[in-house]
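>>> next come a sequence and a model predicted from it.
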Amino acid sequence: MSKEFVASRLDVAAFAREGASLAGREPLRQRSRLLDETRGEGADLPVQWTAQGQAVAVTGGDPQVWLHLKASAVLPLTCQRCLAPVDVTLTVDRAFRFVADEATALAQDDESEEDLLVLSREFDLVELVEDELLMEMPAVPRHEVCPTEVKLVATDAEFEAQAAAKPHPFAALQKLKADKGN
Ligand SMILES: [Zn+2]
């Protein structure tokens with residue numbers, strides 16, 4: 001009886017009419033724009049979301065088409081204060097109302113608290129999830145309280161950067177000496 005709804009090609013009006021819901025959970029690696037933000041870190045971490053459709057009766061008109069979206073993701077980013085890794089949790093809890101066309105959306109945008117989107121029979125809900133999570137990205141990712149003294153950690157980061165660089169020639173020399181010694 002109930003229709004199969006596909007998140008990437010959602011018939012939004014039918015979804016609302018049936019009061020249907022969808023949920024998704026996929027690894028960060030499948031959301032390339034979010035993965036860009038972490039520079040490929042945390043590719044296996046989950047992006048989770050749920051969506052609920054709702055038709056709201058209106059006197060003397062067609063029912064309104066609503067979609068309630070909740071989404072969350074944890075992105076491993078770099079704290080801009082201490083340069084250590086910081087896990088930033090993004091959460092979205094938002095309601096959208098779908099209108100017939102762009103002109104209606106523009107006309108009603110100022111008077112509406114909810115976000116307005118244009119109705120589609122093949123709406124990409126997964127794309128919307130990613131859009132909304134990206135909008136929650138902090139302009140400057142940082143710890144609420146950095147784990148250690150900023151100065152100290154900056155030094156550590158510098159040290160790590162050196163360690164990660166090519167082996168120092170002296171290290172190679174040292175190894176050569178050690179081999180000869182044996
Ligand atoms: Zn920090």
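Ah, there it is.

>>> for residue 88, helix, strand, or coil?
Classification of residue 88 using DSSP: H, G, I helix; E, B strand; the rest coil returns strand.

>>> could you do residue 108 as well?
helix.

>>> my read: it touches residue 99, true?
Yes: with contact defined as C-beta atoms under 8 Å, residue 108 counts as touching residue 99 (6.5 Å). To be clear about C-beta, it is placed using only N, CA and C from the backbone, and glycine gets the same treatment.

>>> which one's more surrounded, those two?
residue 99 (19 against 13; other C-beta atoms under 10 Å).

>>> residue contacts, the closest residue to the more buried one other than its chain neighbours?
Spatial nearest neighbour of residue 99, excluding adjacent residues (C-beta to C-beta, 6 or more residues apart in numbering): residue 105 at 5.1 Å. Contacts for residue 105 (C-beta atoms under 8 Å, 6 or more residues apart in numbering) come out as 99, 116-118.

>>> most neighbours among those residues, which one is it?
residue 99 (19 neighbours).

>>> what about it, distance to the ion?
43 Å (C-beta to the ion, to the nearest Å).

>>> tell me the pLDDT of that residue.
We have a pLDDT of 95 for residue 99.

>>> show me what from the protein comes close to the ion.
79, 81-82, 143, 146 (C-beta under 5 Å from the ion).

>>> try it again with 8 Å
Taking C-beta under 8 Å from the ion as the criterion, the chain approaches the ion at residues 79-84, 86, 142-143, 145-147, 150, 153.

>>> and those, which of them are buried?
Buried subset of the residues of the chain next to the ion (neighbour count, 16 or more other C-beta atoms under 10 Å): 79, 81-84, 86, 142-143, 146, 153.

>>> can I get those in JSON lines with pLDDT and secondary structure?
Below are these laid out as JSON lines (pLDDT from 0 to 100; DSSP: H, G, I helix; E, B strand; the rest coil):
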{"residue": "79", "pLDDT": "96", "secondary structure": "coil"}
{"residue": "81", "pLDDT": "94", "secondary structure": "coil"}
{"residue": "82", "pLDDT": "94", "secondary structure": "coil"}
{"residue": "83", "pLDDT": "94", "secondary structure": "coil"}
{"residue": "84", "pLDDT": "95", "secondary structure": "coil"}
{"residue": "86", "pLDDT": "96", "secondary structure": "strand"}
{"residue": "142", "pLDDT": "95", "secondary structure": "coil"}
{"residue": "143", "pLDDT": "96", "secondary structure": "coil"}
{"residue": "146", "pLDDT": "94", "secondary structure": "coil"}
{"residue": "153", "pLDDT": "51", "secondary structure": "helix"}
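
>>> between those, which is nearest residue 18?
residue 86 (41.1 Å; C-beta to C-beta).

>>> surely that closest one touches residue 77?
Yes: checked against C-beta under 8 Å, the pair residue 86 and residue 77 is within contact range at 5.6 Å.

>>> shared neighbours, the two?
In contact with both residue 86 and residue 77: residue 141, using C-beta under 8 Å, 6+ apart.
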